[in-house]
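Engineer: Whatever this is, show me its structure:
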Amino acid sequence: MIYYAPHMKKEHDMPLVLGLPKGSLQESTFALFKRAGFNVTCSSRSYTPVIDDDEIKCRLLRPQEMSRYVELGLLDAGICGYDWVYENGSDVEEICELNYSKATSNPVRWVLAVPNDSKIKTVKDLEGKRISTEAMGLVKRYLKKHGVKADVEFSWGATEVKAPELVDAIVDLTETGSSLRANNLRIVDTILVSTTRFIANKSSWKNKAKRAKLEQLKMLLTGALEAQCRVLLKCNAPAKSLDRIVKVLPSLHAPTVNKLNDENWFAVESVVEEKKVRDLIPMLTKNGATGIIELPLNKIIF
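Structural biologist: Numbering: from 1, shown residues only. Reported below is the predicted structural model:
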């Protein structure tokens, strides 16, 4: 029997320690894993989610600190926004982009915002002003780039309500802009656009077993994201209308066409964008299609 000291790891050491984001991304992340085939559960007071995969152990952490722990190797991998990787200056392996957020599939933005009646119109107007933000490094780099000197203070939360009574401007994260508008703030500039990233510790990425598991996760998670805005559309087509129906129907490559037991009829199916279905169904029926069925998808693997 070979003895491995506590600090020594065998190449095939598992499980993989995976950091999942606590907070606004938590619910949408758990839902994404569900579509990818993994059931993740966590009680309201726990920071150790349970996943139905013996090769993975999950930890729940704030996205702000995720990349630091991944870089240090305390986590093998994690999910967090690119903004926090940038803010922390973390040297990690980016496995892939996961294009989802708490409300939409759109990127989130770090924006410079001021009260609607503020005289601040550009970044140059911030000279000597006070700015509140949670992303200190991001803002300081932004100001340095534009040659502006201002007082940047850390915000512990509720950043939107601090202007104009406590600060002259804020730099905050927004997805839809609704919270800024509700607090009578207008956007002066977008400093950084960020999407969710799947990152790994560089040593873990070089471990064959862990990399294989990470690549499996990448394939299933990206497949689930690809499927969330698409559906499978199926219909029956009479032989005389087949060419017209196939021409109308968009597809990833080409629609699937199979002959039915009746030689005068064919079954046609294709994966299409869900938002196009409301226009496609009337077009299909107009061109002779019948028995149209729309089915949801969990994953699409390219």
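
Engineer: and the residue positioned nearest the centre of the chain, which of the three is it?
Structural biologist: Central residue of the chain (Cα atoms, centre = their mean): Tyr100, 2.8 Å from the mean position. Following DSSP: H, G, I helix; E, B strand; the rest coil, Tyr100 is assigned to coil.

Engineer: give me every residue that touches it.
Structural biologist: Ser28, Leu32, Thr196, Leu225 (Cβ atoms under 8 Å, 6 or more residues apart in numbering). C-beta coordinates here come from the backbone N, C-alpha and C atoms, glycine included.

Engineer: how far away is it from Leu75?
Structural biologist: To Leu75, Tyr100 is 20 Å away according to Cβ to Cβ, to the nearest Å.

Engineer: so what pLDDT did the residue nearest to the centre of the chain get?
Structural biologist: The model reports Tyr100 with a pLDDT of 83.

Engineer: burial measure for the residue nearest to Val50 when sequence neighbours are not counted, as a count.
Structural biologist: Nearest-residue entry for Val50: Thr41, 5.2 Å, with adjacent residues in sequence omitted and distances by Cβ to Cβ, 6 or more residues apart in numbering. The number of residues packed around Thr41, counting by other Cβ atoms under 10 Å, is 11.

Engineer: Tell me which residues touch Thr41, please.
Structural biologist: By Cβ under 8 Å, 6+ apart, Thr41 lies in contact with Phe30, Pro49, Val50.

Engineer: Between the residues you listed, which sits nearest Arg62?
Structural biologist: Pro49 (14.3 Å; Cβ to Cβ).

Engineer: Now the closest one. Its backbone dihedrals?
Structural biologist: Here is the backbone geometry of Pro49 (degrees, to the nearest 10): phi -60, psi 150.

Engineer: For it, list the residues it contacts.
Structural biologist: Residues in contact with Pro49 (Cβ under 8 Å, 6+ apart) are Leu20, Phe30, Val40, Thr41, Cys42, Cys58, Arg59, Leu60.

Engineer: 6 Å - rerun?
Structural biologist: By Cβ atoms under 6 Å, 6 or more residues apart in numbering, the contact set of Pro49 is Val40, Cys42, Cys58, Leu60.

Engineer: From what I see, the last one and Tyr47 are in contact.
Structural biologist: Yes. In this structure Leu60 lies within contact range of Tyr47 using Cβ atoms under 6 Å: 4.5 Å.

Engineer: which secondary structure element contains the closest residue to Val70 other than its chain neighbours?
Structural biologist: Using Cβ to Cβ, 6+ apart and skipping the chain neighbours, the partner closest in space to Val70 is Gly78 (4.7 Å). Gly78 belongs to strand 77-81 when elements are defined using DSSP states H and E.

Engineer: Direction included, what does that strand pair up with?
Structural biologist: Here strand 77-81 has these sheet partners by DSSP bridges: strand 16-21 (parallel), strand 196-200 (antiparallel).

Engineer: Tell me the first helix or strand C-terminal of it.
Structural biologist: Tracing the chain past strand 77-81, the next element assigned as helix or strand by DSSP H and E is helix 82-88.

Engineer: helices and strands around that following helix, which ones?
Structural biologist: Counting contacts by 3 or more Cβ pairs under 6 Å, 6 or more residues apart in numbering; DSSP states H and E, helix 82-88 is packed against helix 63-72, strand 185-194.

Engineer: Same list, these, but as TSV with mean pLDDT and mean neighbour count please.
Structural biologist: Below are these laid out as TSV (pLDDT from 0 to 100; neighbours: other Cβ atoms under 10 Å):
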stretch	mean pLDDT	mean neighbour count
helix 63-72	96	21
strand 185-194	96	17
